[in-house]
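Colleague: Following is a predicted model, sequence given first.
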Protein chains: 2
Amino acid sequence: MRIFRIAIAGFGGVGRATANLLLSRRGRYRQVYGADVRLVAVCGSRSGLADAGGLEADRLSALTTGLSGADFVEASGADILIEAGPSDFRTGGPGLAYIRSALSAGHDTIVISKGALVHSGKQLRELAQGSGAMLKLSGAAAAALPTIDLIEHSLKGCEVLEIEGILNATTNYLLDAMTTKGLGFDAALHEAQQGGFAEADPSNDTEGWDTASKLLIIANFGLGADLTMVDLSVEGIQSVTGERIRTWRAEGVVPKLVGSLARVEGTFRGGVGIRTYPLTDPFANVRGKNKAIRITTDVMGETLAIGSGAEPLATAAAALKDLEHILAARITAPIQISERSS
Amino acid sequence: MRIFRIAIAGFGGVGRATANLLLSRRGRYRQVYGADVRLVAVCGSRSGLADAGGLEADRLSALTTGLSGADFVEASGADILIEAGPSDFRTGGPGLAYIRSALSAGHDTIVISKGALVHSGKQLRELAQGSGAMLKLSGAAAAALPTIDLIEHSLKGCEVLEIEGILNATTNYLLDAMTTKGLGFDAALHEAQQGGFAEADPSNDTEGWDTASKLLIIANFGLGADLTMVDLSVEGIQSVTGERIRTWRAEGVVPKLVGSLARVEGTFRGGVGIRTYPLTDPFANVRGKNKAIRITTDVMGETLAIGSGAEPLATAAAALKDLEHILAARITAPIQISERSS
């Protein structure tokens, strides 16, 4: 039985959820892929743990200070990296060093945080191509909502003409609350923060940068584009007043913060901003923290997906979907159909 | 450059659309997969045409009587079969013999019609496993709407708990027209038939059998179930009165003919019948000839997809998506990311 050694860099809520889900699925990996999957290292920014024999769940609550960094992960003998650190598209975030190191060494890499992909996507793609490593990023491209999956698998062969997506859960939650209660931005944000539905500094979400980051990742990794943040016009929801909300309600339309891409003369142009939808549009009924994408192609018309997984579990599941695609590609043995569904 | 020889059996609207789309994409197959894809044979129930060097579009309007049947296709030297004949789940339809012959010979097979898959799905799956042939069926499982795709690729690793789908375009069109205009079934059907939106004998659609067929294919090929038609309770829309429609409207709900599956004690139970949805449910806004599926899993919550491709092109595109998955699997050369999107 072939052994796959996994390291998880970034060990907050998503990293921990990924570790626990991975450990709970070891029986499945054995049965479906004939793979012995071991978690050999985890680390946060300042502490970690490694064991070449494999870590069990009960050991993950006590990390050792000082065990962290790309060299620590490399020394653990891991052959697959899952990167789940905090995201910063302006610097690439702490994930960038881990991802660079893994891809350079030819290790398949699953990226959950968006920062490094937005900051250095082209370089990372080239590193992967150069070393033969697989670079997977479902968790970064809207997590449980299928986006690049749809383009690359379900719509394979079609030419994508246009994409629009409700890609950020926090802004959708806020706009939904504003619409339902007729509130302005500040009042809705205050409520959401008190309820734990928005961060203390929500600007990455509310100013549209998180949506823009996902849009760039979809464009560059799913559509072969080569866009950077400066190519996008990015507008958030922070200037939406209660009066504007009430006007939209009176008009029978629902506002959404939408990232959009359109094919123009062989390349993609895009932006982030508010669009409004009539109540008969499925986008109008994407409620709360749900997300959605609509992809228009040349021969399959419009394909729309709506995702509603609860975090951090849904993001962990997206990363481990990537892991199964890696296992399937790296193992040559055929898979029994009857086992795939179990 | 590796040559792939394609035969299309069943040459009505969908078969012809598939042929033309395939011929128009030969440049793409060369560029992305390094594959020289040739259409070497086509046939309907009584006539056909074959040329080992490859058929061009202008030759497809004049078929030769007598060139038809599984032996004709086998003699053409085709190594991939696309089956696009009429569907009959009670007998397996004319496609069954073509599919059996191709799979027995180890030829990868793309099935568009549902009949053979419902009638002899288990046998066909075993034939494919025995010979090492790939059996693909996106065109049969709701065509442009991703269904098995979502389960096998986008939700990989998740346990599917429940599925509900608006899987038949004609009944959705009829229910939509009845709801919009307050008509009973007979009046709506008469209007739809006059407009060309329903067949002269619509019973396969209106009595729920088409929905049931797609549901069985999704269950058996996507979820590893082993259901037959007698395991499903199947109800259609033929008894829906104008009065019932008006009652639903007054209650603010929208009726849909839905195929549903639920995991019960490790296996799947299912049925076809009318369910009603509030206007805030995306299912309520699946209009006209669109289709939709909602898949509930253990760790990714609900994933919903809505498809709206125009026929027969969208079904042809679904079959050729299967072809690209076959090409990708059969060709070992790596694919350039920048080419995938072109």
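Modeller: Yep, that arrived. Residues are numbered from 1 along each chain as shown, chains lettered A, B, ... in the order given.

Colleague: pLDDT at the residue nearest to residue A:146 when sequence neighbours are not counted, what is it?
Modeller: The shortest distance from residue A:146 to any non-neighbouring residue, by CB to CB, 6 or more residues apart in numbering or on different chains, is to residue B:154 (3.8 Å). (C-beta placed from N, C-alpha, C; glycine too.) For residue B:154, the pLDDT comes out at 97.

Colleague: list the contacts for residue B:154?
Modeller: A:146, A:149, A:150, A:153, A:154, A:321, B:146, B:303 (CB atoms under 8 Å, 6 or more residues apart in numbering or on different chains).

Colleague: Mind doing that once more with 10 Å?
Modeller: A:138, A:144-150, A:153-154, A:305, A:307, A:318, A:321, B:146, B:295, B:300, B:303, B:305 (CB atoms under 10 Å, 6 or more residues apart in numbering or on different chains).

Colleague: Out of those residues, which sit inside helices?
Modeller: A:148, A:149, A:318, A:321 (DSSP state H).

Colleague: Any idea which of the residues you listed the model trusts least?
Modeller: Out of those, that is residue A:149, at 94.

Colleague: Spatially, which residue comes closest to that residue, not counting chain neighbours?
Modeller: Per CB to CB, 6+ apart, closest to residue A:149 is residue B:154, 4.4 Å.

Colleague: Spatially nearest residue to residue A:136 (excluding sequence neighbours)?
Modeller: residue A:322 (3.6 Å).

Colleague: returning to what we had before: out of the ones in helices among the contacts of residue B:154, who's the most crowded?
Modeller: Among these, the one with the most neighbours (other CB atoms under 10 Å in any protein chain shown) is residue A:318, at 34 neighbours.

Colleague: picking that back up, from the ones in helices among the contacts of residue B:154, which single one is nearest residue B:231?
Modeller: If you rank the ones in helices among the contacts of residue B:154 by distance to residue B:231 using CB to CB, residue A:321 comes first, at 29.8 Å.

Colleague: what sits against the residue nearest to the closest one when sequence neighbours are not counted?
Modeller: Of all residues not flanking residue A:321 in the chain, residue B:156 sits nearest, at 4.6 Å (CB to CB, 6+ apart). Residues near residue B:156 by CB under 10 Å, 6+ apart: A:32, A:138, A:149, A:317-318, A:320-325, A:327-328, A:340, B:150.

Colleague: Secondary structure element holding residue A:250?
Modeller: When elements are assigned from DSSP states H and E, residue A:250 belongs to helix A:242-251.

Colleague: Contacts for that helix, please.
Modeller: A:175, A:178-188, A:240-241, A:253-255, A:274, A:276-278.

Colleague: which SSE is residue A:271 in?
Modeller: Going by DSSP H and E, residue A:271 is in strand A:267-278.

Colleague: who does that strand pair up with?
Modeller: The strands beside strand A:267-278 in its sheet (DSSP bridges) come out as strand A:233-234 (parallel), strand A:253-264 (antiparallel).

Colleague: So what's the gap between that strand and the chain middle?
Modeller: Chain-centre distance of strand A:267-278: 20 Å, with CA atoms, centre = their mean, to the nearest Å.

Colleague: Could you check the angle it makes with helix A:242-251?
Modeller: 70 degrees (axes from the mean of the first three to the mean of the last three CA atoms, to 10 degrees).

Colleague: Could you list the buried residues of strand A:267-278?
Modeller: Using 16 or more other CB atoms under 10 Å in any protein chain shown as the test for burial, strand A:267-278 gives A:268, A:269, A:270, A:271, A:272, A:273, A:274, A:276, A:277.

Colleague: So what's the residue count around residue A:135?
Modeller: 22.

Colleague: Could you pull up the residues touching it?
Modeller: For residue A:135, counting by CB under 10 Å, 6+ apart, the contacting residues are A:99, A:102-103, A:108-111, A:117, A:121, A:124-125, A:127-129, A:221, A:322, B:337.

Colleague: Now do the domain split for chain A, please.
Modeller: Per automatic domain parsing, the structural domains of chain A span A:2-143+A:313-340, A:148-307.

Colleague: For residue B:202, which of these is the nearest?
Modeller: Comparing those by CB to CB, domain A:148-307 comes nearest, at 23.1 Å.

Colleague: Need the worst-confidence member of the contacts of residue B:156.
Modeller: residue A:340 (37).

Colleague: how about the strands in chain A?
Modeller: Under the criterion DSSP state E, chain A contains strands at A:2-9, A:35-43, A:47-50, A:64-65, A:80-83, A:108-111, A:135-136, A:160-166, A:233-234, A:253-264, A:267-278, A:291-297, A:301-307.

Colleague: chain center to the fifth one: distance?
Modeller: Just to be clear, that refers to strand A:80-83. For strand A:80-83, the distance to the chain centre is 14 Å (CA atoms, centre = their mean).

Colleague: just the last one next, same as before
Modeller: The chain centroid and the centroid of strand A:301-307 are separated by 17 Å under CA atoms, centre = their mean.

Colleague: Quick one: residues contacting residue A:305.
Modeller: Counted by CB under 10 Å, 6+ apart, residue A:305 has contacts A:142, A:145-147, A:149-150, A:154, A:165, A:282, A:291-295, B:146, B:150, B:154, B:303-307.

Colleague: Which residue, neighbours along the chain excluded, lies closest to it?
Modeller: In space, residue A:305 is closest to residue B:305, 5.0 Å off (CB to CB, 6+ apart).

Colleague: Look up the pLDDT of that neighbour for me, please.
Modeller: pLDDT, residue B:305: 98.

Colleague: what's the answer for residue A:196, then?
Modeller: pLDDT, read off for residue A:196, is 84.

Colleague: try residue A:342
Modeller: Confidence score, pLDDT, at residue A:342: 33.

Colleague: returning to that earlier point: minimum distance to residue B:39: which of the domains of chain A has it?
Modeller: That would be, of those and by CB to CB, domain A:148-307, which comes in at 15.7 Å.

Colleague: now residue A:297, nearest residue through space, not along the chain?
Modeller: residue A:158 (3.6 Å).

Colleague: of all of the stretch 1-150 of chain A, which residue lies closest to chain B?
Modeller: Closest to chain B within the stretch 1-150 of chain A is residue A:146: 3.8 Å, counting by CB to the nearest CB.
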